[in-house]
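Student: 3D, please:
(2 chains)
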Amino acid sequence: MTAPLQRSEAPGDAGVPLADAPTPVGVLRRRAGTGHTASLYVGGAIAAVLVATALLSLFVHLGDPNATDLLGRLHSPDGAHLAGTDELGRDILARLVRGVRWSLGIGTIATAIAVTIGATLGTIGAWRPGIVRTLMVRSTDIGISFPFLVIAVVIVAVVGHGFWPLTLTLGVVAWPTMARVIYAQARGLCEREYVLAARLAGVGGLRSLLTHVLPPLVPHLQVMAAFTFADLLVAESGLSFLGLGAPLGEATWGNMLSASRAYLIQAPWMMLGPATAIVLAVLAANLVGDGLTARDHAKRSRSAA
Amino acid sequence: MSAMAGPAPLASPSPDTAARARPAMRLLARQLLNRVAQLVILLFVISSVLFVLLRLTGDPAVTIAGENATPDTLAAVRQQYGLDGSQLHQYLTFIGNLLHLDFGSSLATGQDALGMVGAQLPATLRLAVAAIILNALIAIPVGAWLGSRRRGVARESASFLITIAQGIPGYVVGLLLIQVFAVWLHVLPSVANGGFTSMILPALTLASFQVPKMVRVTAASVAEAGRADYILTATANGASPSTVVLRHALPNALLAVTAMLGAQFAFLLSGTLITEYLFNWPGLGLLMVNSVQRLDFPVVQAAVFVTAVMVFVVNVVMDIVFELADPRLRRSGA
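Tutor: Numbers count the residues shown, from 1 in each chain, chains lettered A, B, ... in the order given. Have a look, this model is predicted:
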């Protein structure tokens, strides 16, 4: 991951994709390339279904997630309730659907915050040697050495429950890994000849940063964003599972799992529904991340050949 | 990536090792100093953030004593926590107390906060050690097998399974394990009872989300080592494939594996919040979750402090292990 980028965006790098050449090597490379596109497609498909569900639930009534029915509590899955009902007779499928909105919302916004902070600090650290770089590298080291879930638990306890406190906390505590990866990549880019040439030609520092350093970082940002999204999804439902994330009663996957603990014997479906949802969502993000990484490697080895 | 062309690792130490030992020790000392500085800054930042947040979000005395505290209780809390002076004075008192390792007493039980944390520590350590041993026993053989295999159906499907396993959060695994072994089969207890058997499910849960990562690292470094020249030499000399992997590739790959084990152990010492909560395991994580839930800030702070110190100790030990284990590092440090 730390190898400097070898991409054809660099002026002077005649990036001819050699994979199209009918050599045995080209054929092999192309075949090796199909594996990663598969994981990209599968991950993308699951993600698309989840996003579509979340969007659909905003406009179409897909069942009330909070309608209680005390006579129909702890019903196993059947025609009326495809995923069964919970301890208050609420429809689990409707709650799962509502939970998509919560999970994707927090995951997306918190990831965006982490990517923004991490990328900004990482590129600035790579670009400005001296005290700025030292500060950035040291604070990243410190941030990485301590598990962010512990800090998140403490902050959430003080700031309180709810969507925004949770989102902001997760976004703010998750930046160090991002900053470290982006710093390593940007550091290599800042030393590349075309960046130095641009600087010699009189291109200003900030403009050079935006037009020469940032674009080649985008693939790394995408990969990191996918994996961070997966991590934050797990962290969010974990916090809710501990009773420290979503407000009690809110239809979120973590809350549902937490409630299922007391009914593992009578109603195992209360656990299976949200567990499946979380695993699928995290798997989707990981597959997309893996696929993007592999696609990147394939592109790079093609342009390096 | 081309084969590594560096000096053959694990060669017999050069005769002038003693001469080089001094710069190496100096390097280690500098590293240690660095770690101490990191620890101090981390503790300072976390404590300060907590200090500010407690005041931004309302009256800390109310937060500490609870919404329906009487004025007398509030006054007592203010006095006990030095909340009656100016903000600056409060902050200085707060930091001063931290420097004396005085976290105050628990709001829930009245016991010394640091003492409560210390009492829970052995349980967490036991669980962490069990989980890391389990992790190494499962992940290193699987990783070595995976890393020494050529591309094929077996390897591809194994790595797909690992991707799936990586996406399963620990608490989901824990709930499934409870469902199967405690609810359906009735063979293992799901709640800590002091016995050895009650450690099996939580240790498995912890290992479950560390094993996939560990397998990946082991496989990658065994594959990397497999491309080195000395492997080619060993193979050319007629060593069997299993000898090549076990005697030559794996030992050289163990450096990355050890680094990963260290990182994962540090995580286990602090990141077991959810697993301990799930299995009611009487460790640091459970204490932290319970204290956070009842806003028992002295205990939370003591727990965060102890966690940071433990992570620090693991990191320092890892620094030293590396120094001793890998002659290559010593040479590059000189």
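
Student: In contact with the residue sitting furthest away from the middle of chain A: list those residues for me.
Tutor: Computed with C-alpha atoms, centre = their mean, the maximum C-alpha offset from the centroid of chain A is found at A:Leu71, amounting to 40.4 Å. By C-beta atoms under 8 Å, 6 or more residues apart in numbering or on different chains, the contact set of A:Leu71 is A:Gly89. Any C-beta I mention is one placed from the backbone N, CA and C, and that applies to glycine too.

Student: how close does it get to A:Gly63?
Tutor: For A:Leu71, the distance to A:Gly63 (C-beta to C-beta, to the nearest Å) stands at 18 Å.

Student: Then B:Ile41?
Tutor: Taken as C-beta to C-beta, the span from B:Ile41 to A:Gly63 is 51 Å.

Student: what's near enough to touch the closest residue to chain A within the stretch 51-200 of chain B?
Tutor: For the stretch 51-200 of chain B, the nearest residue to chain A under the criterion C-beta to the nearest C-beta is B:Gly167, separated by 3.9 Å. Contact analysis of B:Gly167 by C-beta under 8 Å, 6+ apart lists A:230, A:279, A:282-283, A:285-286.

Student: With A:Ile92 instead?
Tutor: When contacts are taken as C-beta under 8 Å, 6+ apart, A:Ile92 is in contact with A:81, A:83-86, A:256, A:269-270, A:273.

Student: Got the phi and psi for the residue nearest to it when sequence neighbours are not counted?
Tutor: Leaving out its chain neighbours, the residue that sits closest to A:Ile92 by C-beta to C-beta, 6 or more residues apart in numbering or on different chains is A:Ala83, at 4.0 Å. Backbone torsions for A:Ala83, taken as degrees, to the nearest 10, come to phi -110, psi 10.

Student: ditto for B:Arg150
Tutor: Backbone torsions of B:Arg150, given as degrees, to the nearest 10, read phi -80, psi 160.

Student: Looking at it now. What's its pLDDT?
Tutor: The predicted local confidence for B:Arg150 comes out at a pLDDT of 72.

Student: From B:Tyr230, how far off is it?
Tutor: Applying C-beta to C-beta, one obtains 19 Å for the distance of B:Arg150 from B:Tyr230.

Student: what does A:Val97 give?
Tutor: When C-beta to C-beta is the yardstick, A:Val97 and B:Tyr230 sit 57 Å from each other.

Student: Please report how far B:Val313 lies from B:Phe305.
Tutor: 13 Å.

Student: Neighbour count for the two, which is higher?
Tutor: Neighbour tally, B:Val313 and B:Phe305, criterion other C-beta atoms under 10 Å in any protein chain shown: the higher count belongs to B:Phe305, 20 against 14.

Student: quick one, helices of the stretch 1-150 of chain B?
Tutor: In chain order, the stretch 1-150 of chain B shows helices spanning B:17-56, B:60-65, B:71-80, B:87-99, B:113-148, with DSSP state H, counting those that start in this stretch as the criterion.

Student: Could you name the helices and strands sitting against the first one?
Tutor: Applying 3 or more C-beta pairs under 8 Å, 6 or more residues apart in numbering or on different chains; DSSP states H and E, we find helix B:17-56 packed against helix A:131-145, helix A:148-159, helix B:87-99, helix B:297-325, helix B:327-333.

Student: hmm, back to that, tell me, what's the model's pLDDT at the residue of the stretch 51-200 of chain B closest to chain A?
Tutor: Among the per-residue scores, B:Gly167 shows a pLDDT of 80.

Student: surely A:Asp64 meets A:Ala94?
Tutor: Yes - taking C-beta atoms under 8 Å as the definition, A:Asp64 is a contact partner of A:Ala94 at 6.2 Å.

Student: Among those two, which residue is more densely surrounded?
Tutor: Just comparing A:Asp64 and A:Ala94: by other C-beta under 10 Å the higher neighbour count belongs to A:Ala94, 22 against 13.

Student: got a pLDDT number for that one?
Tutor: We note a pLDDT of 86 for A:Ala94 in this prediction.

Student: next SSE after the strand or helix carrying B:Thr218?
Tutor: With the criterion set as DSSP states H and E, the secondary-structure element containing B:Thr218 is helix B:197-226. Heading C-terminal from helix B:197-226, the first helix or strand you meet, by DSSP H and E, is helix B:229-236.

Student: what's the closest of the contacts of B:Gly167 to B:Arg78?
Tutor: If you rank the contacts of B:Gly167 by distance to B:Arg78 using C-beta to C-beta, A:Ala230 comes first, at 44.4 Å.

Student: Please tell me how far that closest one sits from A:Leu280.
Tutor: Separation of A:Ala230 from A:Leu280 (C-beta to C-beta): 11 Å.

Student: neighbour-wise, which of these two wins?
Tutor: A count of neighbours by other C-beta under 10 Å puts A:Ala230 above the other of A:Ala230 and A:Leu280, at 24 against 15.

Student: quick one: contacts for the more buried one?
Tutor: A:282, A:285-286, A:289, B:167.

Student: Make TSV from those and add distance to B:Val215 and secondary structure to it.
Tutor: Listed next are the contacts of A:Ala230 as TSV, based on distance: C-beta to C-beta, whole Å; DSSP: H, G, I helix; E, B strand; the rest coil:
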residue	distance to B:Val215	secondary structure
A:Val282	18	helix
A:Ala285	20	helix
A:Asn286	15	helix
A:Gly289	17	helix
B:Gly167	14	coil
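
Student: can I assume B:Asn135 is in contact with B:Gln210?
Tutor: Yes - A contact is recorded between B:Asn135 and B:Gln210 when judged using C-beta under 8 Å, the distance being 4.9 Å.

Student: Identify the contacts common to those two.
Tutor: Between them, B:Asn135 and B:Gln210 share the contacting residues B:Gln264, judged by C-beta under 8 Å, 6+ apart.

Student: and residue 127, how many neighbours?
Tutor: No chain was given, so I picked chain A. The tally of other residues near A:Trp127 (other C-beta under 10 Å) stands at 20.

Student: wait, I meant chain B there
Tutor: Summarising burial for B:Leu127: neighbours were counted as other C-beta under 10 Å, giving 27.
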